[in-house]
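In: need a structure here:
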Amino acid sequence: MLKKEILPTLLKEILSKYSGQELKADADLPRFTIVFDREAYNPVFFQEIWDKYRIAVITYRKNVKNKWDESDFDEHKVYIV
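Out: Numbering: from 1, shown residues only. As a prediction, this is how the structure comes out:
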């Protein structure tokens, strides 16, 4: 369902945040980003959609062993206007 219906629709209907020139100039910019819950955790699939379409993924993995150190993070206040 995802490969045959959802991705083709998203690719056709969602405009990239970045222009074609920006995407060509920076190989790390995604066309857009999809958020998955952990049920869809599949690194092979994530790599496939990045390589083929430059679609980035945000997800998380259950029972992670190599956690990031809390000192790597900073707290920031966000103001809504």
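In: what mean pLDDT does the longest helix anywhere in the chain have?
Out: With DSSP state H setting the assignment, residue counts place helix 43-53 as the longest helix in the chain. Averaged over helix 43-53, pLDDT sits at 94.
In: Which other helices and strands does the next helix or strand after that helix contact?
Out: Tracing the chain past helix 43-53, the next element assigned as helix or strand by DSSP states H and E is strand 55-58. Strand 55-58 is packed against strand 32-35, helix 43-53, with contacts defined by 3 or more C-beta pairs under 8 Å, 6 or more residues apart in numbering; DSSP states H and E. Every residue, glycine included, has its C-beta placed from N, CA and C.
In: quick one: which of those is nearest Pro8?
Out: Pro8 lies closest to helix 43-53 among the helices and strands packed on strand 55-58, at 10.0 Å (C-beta to C-beta).
In: neighbours around Ile55, how many?
Out: A count of nearby residues for Ile55, using other C-beta atoms under 10 Å, gives 19.
In: OK, contacts around it?
Out: Under the criterion of C-beta atoms under 8 Å, 6 or more residues apart in numbering, the contact list for Ile55 reads Leu7, Leu10, Pro30, Arg31, Phe32, Thr33, Ile34, Ile49.
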